[in-house]
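Undergrad: Sequence first, predicted coordinates after that:
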Amino acid sequence: MDQKKAAQLPPLSETLLPPDPTDAESTTLELDELWSFVLKKARKKWIWIALSRRTRQVVAYAVGDRSKKACRKLWEAIPAAYREAHCDSDFWKAYAAVIPAEQHTRVGIRSGQTAHVERWNNTLRQRLGRFVRQTLSFSKSVVMHEACLLLFLHRYNCSRAITPI
């Protein structure tokens, strides 16, 4: 059932508030990745997230491994309106290899520059049991894993579109 719903959803970019070029926070993305698994923990899937600092909406996502290829997939998924945004990420080497240096700042977790995306990761884990590390709830297929994630992203973004911070 979730697969059919996910297939009918519009592109994630249609759920986004447009960035305000006069607002620095509006043109800043926080990037991070979190792991989950399908069927068993040996089959890890990494969810890569680009979150708007101002609206807290998920601008783009990618599912894959923890490689430069998956990071590039995230970068290419960022809509044109956000493509020139400045990006803050942790020190994972894939970010530096993919994101242009003039648009990218590598920051430590204690800096607070990626606090919103780290909090979003926690929100995902709290609301969807299949993304919790120690759980009896898990996805049996990659297709369902991604369908549930996409449904959550749409619902989350639409709820954030009402009241930007």
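TA: Alright, I've got the coordinates.
Undergrad: element containing Glu118, please.
TA: Applying DSSP states H and E as the criterion places Glu118 in helix 115-127.
Undergrad: Downstream of that helix, the next helix or strand is which one?
TA: Downstream of helix 115-127, the first helix or strand assigned by DSSP H and E is helix 142-162.
Undergrad: What's the end-to-end length of stretch 63-80?
TA: Looking at stretch 63-80, the gap from its leading to its trailing residue is 20 Å under the measure C-alpha to C-alpha, to the nearest Å.
Undergrad: Give me the distance between the spatially most central residue of the chain and Ser67.
TA: The centroid of the chain falls nearest to Ile49 when counting by C-alpha atoms, centre = their mean (1.9 Å). The span separating Ile49 from Ser67 equals 16 Å under the rule C-beta to C-beta, to the nearest Å. The C-beta positions use only the backbone N, C-alpha and C, and glycine is treated the same way.
Undergrad: Also Glu84?
TA: According to C-beta to C-beta, Glu84 and Ser67 sit 25 Å apart.
Undergrad: next one: Ser36
TA: Using C-beta to C-beta, one obtains 16 Å as the distance from Ser36 to Ser67.
Undergrad: ok, these two, which is more surrounded?
TA: When Ser36 and Ser67 are compared on other C-beta atoms under 10 Å, the one with more neighbours turns out to be Ser36, at 23 against 12.
Undergrad: and the more buried one, which of the three is it?
TA: Secondary structure assignment for Ser36 (DSSP: H, G, I helix; E, B strand; the rest coil): strand.
Undergrad: Touching, it and Ile47? I think so.
TA: Yes: with contact defined as C-beta atoms under 8 Å, Ser36 counts as touching Ile47 (6.4 Å).
Undergrad: The residue nearest to the centre of the chain - that's part of a helix, no?
TA: No: counting by three-state DSSP, Ile49 is not found in a helix; it is strand.
Undergrad: dump the residue contacts of it.
TA: For Ile49, the set of contacting residues under the criterion of C-beta atoms under 8 Å, 6 or more residues apart in numbering consists of 31-34, 58, 60-61, 74, 117, 120-121.
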